[in-house]
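>>> Here is a sequence together with a model predicted from it:
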Amino acid sequence: MPRPSQLAGLARACHPGPTVAVTTLTALLAAGAGHTLARGALVTAAVGTGQLTIGWSNDLIDAGRDRLVGRADKPVARGEVTEAVVRRALAVAGVLCVLLSLACGLASAAVHLLLGVASGWAYNLGLKRTVWSAVPYAVAFGALPAVVTLALPAPTGPPAWVVLAGALLGVGAHLLNALPDLADDEQTGVRGLPHRLGARWVRWLAPAVLVLASAAALVGPAGAPSPVAWAAFALCLVLAAVAVTGRGKVPFAAAIGIAAVDVAALVLGS
């Protein structure tokens, strides 16, 4: 059993911000899709364990690079938790992810494991260093609604506008998540799409992509947008402005806020 200090480092090594954010978005989507509490919890747990594997594998794979640039926010690189402990936790989370995903149904499991989790791992294993670094985010976020709807008693695919909005949110989140670490990444040869664009372009392009995602959520549903939908869109514009002007992790937090607002508006309007 790891020591308490190791457990704290393990928790920080899973990338808790993105992990909690994506898991919470899944719970909101499950509520909007009409899942029962038990079934919604099952889908959410499947996605949550998948996110744990992505976060822990990222820190394991990047440990050497993170030590080289002195990343103070990386528990594995700082020795706050051993690689052996992280590997054991990763193995447990991986087994749980597969079992929980299969319990959601074969179609939902296939989308989650082959598009969602596999995209995250593909990013960690090398796509982050290429011009295609945004693709795993687009695929994973775009697939997330299908993971939820295909787990219903009568499985169904999500509307196309939901997939489009999710994919755009993923691209925007990727750009803003990379923004604070561009210099450190460049030192170790990581040159994904955000690095090739540069900080100035990313700071403006990412919020624009997020606003497009919110626009898709506004006009996608049948009928005229409701007052709730308009209010959500206005709030997303405010959060996009925060993403442009914020520093550090604030832009990424604003991106997740936009995703949460869009999903909450969908749930309230359903």
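Arrived safely. Numbers count the residues shown, from 1 in each chain.

>>> On the secondary structure side, give me the element for Tyr137.
Assigned by DSSP states H and E, Tyr137 belongs to helix 135-149.

>>> Helix or strand next in line after that helix, which one?
Sequence order places helix 160-178 as the next helix or strand after helix 135-149, per DSSP H and E.

>>> With only the CA atoms kept, save that following helix in PDB.
Extracted C-alpha coordinates of helix 160-178, given in PDB (Å, rounded to 0.1, in the frame of the first residue of the first chain):
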ATOM      1  CA  ALA A 160     -24.300  15.300 -36.000                       C
ATOM      2  CA  TRP A 161     -24.200  18.800 -34.500                       C
ATOM      3  CA  VAL A 162     -23.400  17.400 -31.100                       C
ATOM      4  CA  VAL A 163     -20.400  15.500 -32.500                       C
ATOM      5  CA  LEU A 164     -19.300  18.600 -34.300                       C
ATOM      6  CA  ALA A 165     -19.600  20.700 -31.200                       C
ATOM      7  CA  GLY A 166     -17.700  18.100 -29.200                       C
ATOM      8  CA  ALA A 167     -14.900  17.900 -31.800                       C
ATOM      9  CA  LEU A 168     -14.500  21.700 -31.900                       C
ATOM     10  CA  LEU A 169     -14.400  21.900 -28.100                       C
ATOM     11  CA  GLY A 170     -11.700  19.300 -28.100                       C
ATOM     12  CA  VAL A 171      -9.500  21.300 -30.500                       C
ATOM     13  CA  GLY A 172     -10.000  24.500 -28.500                       C
ATOM     14  CA  ALA A 173      -9.200  22.700 -25.200                       C
ATOM     15  CA  HIS A 174      -6.000  21.200 -26.700                       C
ATOM     16  CA  LEU A 175      -4.800  24.600 -28.000                       C
ATOM     17  CA  LEU A 176      -5.400  26.300 -24.600                       C
ATOM     18  CA  ASN A 177      -4.100  23.400 -22.500                       C
ATOM     19  CA  ALA A 178      -0.700  23.500 -24.400                       C
END
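
>>> and the next element down the chain from that helix?
Following helix 160-178 in sequence, per DSSP H and E, is helix 182-187.

>>> Name the residues of that following helix that come out as buried.
Buried residues in helix 182-187, counted by 16 or more other CB atoms under 10 Å: 182, 185. Where you see a C-beta, it was placed from the backbone N, CA and C, and this is true even at glycine.

>>> picking that back up, okay, the angle between the helix holding Tyr137 and helix 160-178?
Interaxial angle of helix 135-149 relative to helix 160-178 (axes from the mean of the first three to the mean of the last three CA atoms, to 10 degrees): 140 degrees.

>>> contact partners of helix 135-149?
Residues from elsewhere that reach helix 135-149 (CB atoms under 8 Å, 6 or more residues apart in numbering): 22, 25-26, 29-30, 33, 35, 43, 46-47, 104, 108, 111-112, 115-116, 119-120, 122-123, 127, 155-158, 162-164, 166-171, 173-174, 259.

>>> Cys104 is in contact with Ala151, isn't it?
Yes - between Cys104 and Ala151 a contact is recorded at 4.0 Å, counting by CB atoms under 8 Å.

>>> so what sits against both of the two?
Common neighbours of Cys104 and Ala151, using CB under 8 Å, 6+ apart, are 42-43.

>>> How many residues are close by Trp161?
Applying other CB atoms under 10 Å, we find 14 residues neighbouring Trp161.

>>> quick one: contacts for it?
Going by CB under 8 Å, 6+ apart, Trp161 touches 216-217, 219-221.

>>> Apply 10 Å and report the result again.
216-221 (CB atoms under 10 Å, 6 or more residues apart in numbering).

>>> So among those, which ones count as buried?
Buried by 16+ other CB under 10 Å: 216-218, 220-221, out of the contacts of Trp161.

>>> Please flag which of the residues you listed sit within helices.
216-218 (DSSP state H).

>>> can I get the residues you listed in JSON lines with distance to Arg67 and pLDDT?
Below are those laid out as JSON lines (distance: CB to CB, whole Å; pLDDT from 0 to 100):
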{"residue": "Ala216", "distance to Arg67": "41", "pLDDT": "90"}
{"residue": "Ala217", "distance to Arg67": "41", "pLDDT": "87"}
{"residue": "Leu218", "distance to Arg67": "45", "pLDDT": "89"}
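
>>> Right, I'll call it a day here.
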